[in-house]
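Student: Turn this into a structure:
(2 chains)
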Amino acid sequence: QIGSLGGGCMSGGGNDIQWCFSQVKGAVDDDVAEADIISTVEFNHSGELLATGDKGGRVVIFQQEQENKIQSHSRGEYNVYSTFQSHEPEFDYLKSLEIEEKINKIRWLPQKNAAQFLLSTNDKTIKLWKISERDKRPEGYNLKEEDGRYRDPTTVTTLRVPVFRPMDLMVEASPRRIFANAHTYHINSISINSDYETYLSADDLRINLWHLEITDRSFNIVDIKPANMEELTEVITAAEFHPNSCNTFVYSSSKGTIRLCDMRASALCDRHSKLFEEPEDPSNRSFFSEIISSISDVKFSHSGRYMMTRDYLSVKIWDLNMENRPVETYQVHEYLRSKLCSLYENDCIFDKFECCWNGSDSVVMTGSYNNFFRMFDRNTKRDITLEASRENNKPRTVLKPRKVCASGKRKKDEISVDSLDFNKKILHTAWHPKENIIAVATTNNLYIFQDKVN
Amino acid sequence: MSAEVPEAASAEEQKEMEDKVTSPEKAEEAKLKARYPHLGQKPGGSDFLRKRLQKGQKYFDSGDYNMAKAKMKNKQLPAAAPDKTEVTGDHIPTPQDLPQRKPSLVTSKLAG
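Tutor: Modelled structure (predicted):
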């Protein structure tokens, strides 16, 4: 069935992906505890592991099970692999500041040995976690019983060599490094460098460079704090290292600009190498212009040639070689432009949506309201709106595209703008690095969708 | 047959209508200004950003603390409020007063 949506629809036919529900994690009840609000979702580099962070400071890691050759109609399911408390609430007595335990970002390190490593951060502190498997344990000690009690040495008459015997798999998470006290303001981003030795952390006004092994020192590489805070006009909203060039990173601002910096140019990268900004028609300027131009997320393409930014109403693709305008712009929910007044009053206009690329950089995805999420195919220029809902629970059933009716006559199966639930927001989505598997977070549930495998 | 004045008026009206038609954003702005006439000119400016930077600041700063201490030189320290709600202003909080924010010892429902 091909959706009758004019030039827009992505479902049906040819090489188009057909998305099917695969799994949903989390509680069914509508009464959401604050701690359960999902705040970040991230696949690791192979896609085998999927991590989530929540407002309660907890991390849950899912692992894809090995493909079942008999049941070849779907790829492996994701099951819980490890869960731990990453951050706890703190109170800074010196500044009278409450520090939330909410996990703002998780970033995986590429795998170097048997263990997995990830960085998780709240507003103030970044932690390096080691997740390792234990599937053997030593048995046959001479001085210890199997339950751990010590033996009386005088009762030992023979000696034996302890051996490792298999045991049930145990996955342990341990904090290996704690990177603290380097941020006065709230951390919004962390990004691991392609050198796999350093990473950056960005707060509202500053960006710091760390070495993964060193916790007592951090280099400040960007500082946009004005001498007089009255002169503050913009803040840093996101930052990311280039996927291939270890000297290059970008940061976005609340004014809709992106600055690309080269660490070879100077120790403090306050002067950008490139400034990406789309000129605005001054006659179109309104009270809302700056707020909706604020960039909530910036992501490099896997190739490193492009970067994508998300502002309140759109997704823009920029060619790193062209600073004066984006090469592609996709409207996420343009129908909200005539609702900005209410969205300002209920604070939704400040919602920070993220965006992501698929593995081949051909499709981009971002969330919206009413548990809708959107995908844009850069090659075919087609787009699709899908919904993360338990009503579409049957595995292998293709998801039905959704359509929002902006005004006037509402067709059957369309939903009007005024019926949208603005409390159901999809802020965090992730795309498997190699396959067509996506993870979509609603307020407190994690949905996994896969493309239909024949 | 139209007189001079009505023509000028209709040109202005036409621009206003054009604005509404071509810019839903401007229409929304007008709505907002009608509801909040005192709303500042620069929404993305200092006040808004500074509020964002101060997120998490709950209680008081050292200025308030010193002023409150000075006021209380001749009085006894006020007892802790029996209900441990937000502590602000003159009351000098002690660690015992601050509401306990325990970390969630409950496993995430995603892992359930």
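Student: pretty sure A:F353 is touching A:R374, no?
Tutor: No - if you go by Cβ atoms under 8 Å, A:F353 and A:R374 don't touch, sitting 10.0 Å apart. Yep, even glycine has a C-beta here, placed from its N, CA and C like the rest.
Student: Could you tell me whether A:A238 really is in a strand?
Tutor: Yes - assessed with DSSP: H, G, I helix; E, B strand; the rest coil, A:A238 lies in a strand.
Student: what's the distance between it and chain B?
Tutor: Separation of A:A238 from chain B (Cβ to the nearest Cβ, to the nearest Å): 14 Å.
Student: Enumerate the beta-bridge partners assigned to that residue.
Tutor: When assigned by DSSP bridges, A:A238 has beta-bridge partners A:S252.
Student: Mind listing the shared neighbours of A:F353 and A:R374?
Tutor: A:332, A:366-368 (Cβ atoms under 8 Å, 6 or more residues apart in numbering or on different chains).
Student: Among these, which pair sits farthest apart?
Tutor: Maximum pairwise distance among the shared contacts of A:F353 and A:R374 (Cβ to Cβ): 8.5 Å, between A:V332 and A:G367.
Student: overlap in contacts of those two?
Tutor: By Cβ under 8 Å, 6+ apart, the residues touching both A:V332 and A:G367 are A:353, A:374.
Student: which residues sit in contact with the residue lying closest to A:E100 once chain neighbours are set aside?
Tutor: Distance criterion Cβ to Cβ, 6 or more residues apart in numbering or on different chains; nearest residue to A:E100, sequence neighbours excluded, is A:D123 at 5.7 Å. With contact set as Cβ under 8 Å, 6+ apart, A:D123 has these partners: A:99-100, A:102, A:104, A:183, A:186-187, B:56.
Student: any idea how far A:N104 is from A:D123?
Tutor: From A:D123 across to A:N104, the span is 7 Å (Cβ to Cβ, to the nearest Å).
Student: got any residues that touch both of the two?
Tutor: A:186-187.
Student: hmm, back to that, okay, and which of the shared contacts of A:F353 and A:R374 map to strands?
Tutor: Judged by DSSP state E, the subset of these located in strands is A:366-367.
Student: With respect to chain B, which of the shared contacts of A:F353 and A:R374 is nearest?
Tutor: A:V332 (15.7 Å; Cβ to the nearest Cβ).
Student: Quickly list what the nearest residue to A:D92 once chain neighbours are set aside is bridged to.
Tutor: Computed as Cβ to Cβ, 6+ apart, the closest residue to A:D92 that is not its neighbour in sequence is A:I99, at 6.0 Å. Using DSSP bridges, the bridge partners assigned to A:I99 are A:E90.
Student: Provide a list of residues in contact with A:I99.
Tutor: Here A:I99 is in contact with A:89-92, A:122-125, B:56 (criterion: Cβ under 8 Å, 6+ apart).
Student: which residues of the stretch 201-350 of chain A score low on pLDDT?
Tutor: Filtered on pLDDT under 70, the stretch 201-350 of chain A yields no residues whatsoever.
Student: Run through the residues of it sitting next to chain B.
Tutor: A:204-205, A:229-235, A:254-255, A:284, A:286-291, A:294, A:337-341, A:344-345 (Cβ under 8 Å from any Cβ of the partner chain).
Student: Would you list the buried entries among those residues?
Tutor: A:204-205, A:232, A:234-235, A:254-255, A:286-291, A:294, A:337-341, A:344 (16 or more other Cβ atoms under 10 Å in any protein chain shown).
Student: rewinding a little: which one of the shared contacts of A:F353 and A:R374 is nearest to A:T198?
Tutor: A:T198 lies nearest to A:T366 out of those, by Cβ to Cβ, at 28.7 Å.
Student: Run a quick neighbour tally on the closest residue in space to that closest one that isn't next to it in sequence.
Tutor: Nearest residue to A:T366, sequence neighbours excluded (Cβ to Cβ, 6+ apart): A:C355, at 4.2 Å. Close neighbours of A:C355, defined as other Cβ atoms under 10 Å in any protein chain shown, add up to 23.
Student: Skip the chain neighbours and tell me the closest residue to residue 109.
Tutor: Defaulting to chain A. Computed as Cβ to Cβ, 6+ apart, the closest residue to A:L109 that is not its neighbour in sequence is A:F117, at 4.1 Å.
Student: um, chain B though
Tutor: A:A27 (4.3 Å).
Student: Wasn't that neighbour part of a strand?
Tutor: No - using three-state DSSP, the assignment for A:A27 is coil, not a strand.
Student: okay, now it: neighbour count?
Tutor: 15.
Student: Next up, the contacts around it.
Tutor: So A:A27 contacts A:36, A:444-445, B:109, B:112 (Cβ under 8 Å, 6+ apart).
Student: what sits against the residue nearest to A:T366?
Tutor: Contacts of A:C355 (Cβ under 8 Å, 6+ apart): A:297, A:299, A:308-310, A:315, A:364-366, A:429.
Student: Kindly report the same for A:F117.
Tutor: A:108-109, A:111, A:128-131, A:176.
Student: how much space between A:R75 and chain B?
Tutor: In terms of Cβ to the nearest Cβ, A:R75 sits 20 Å off from chain B.
Student: and that residue, helix, strand or coil?
Tutor: Secondary structure for A:R75, judged by three-state DSSP, is coil.
Student: Could you check how many residues crowd around it?
Tutor: 20.
Student: What of A:T380?
Tutor: A:T380: 14 neighbours (other Cβ under 10 Å).
Student: Give me the phi and psi for it.
Tutor: phi -80, psi -10 (degrees, to the nearest 10).
Student: So it versus A:Q331, what's the distance?
Tutor: On the measure of Cβ to Cβ, A:T380 and A:Q331 end up 16 Å apart.
Student: do A:G367 as well
Tutor: Taking Cβ to Cβ, one finds A:G367 at 14 Å from A:Q331.
Student: What of A:R410?
Tutor: For A:R410 relative to A:Q331 (Cβ to Cβ), the value is 19 Å.
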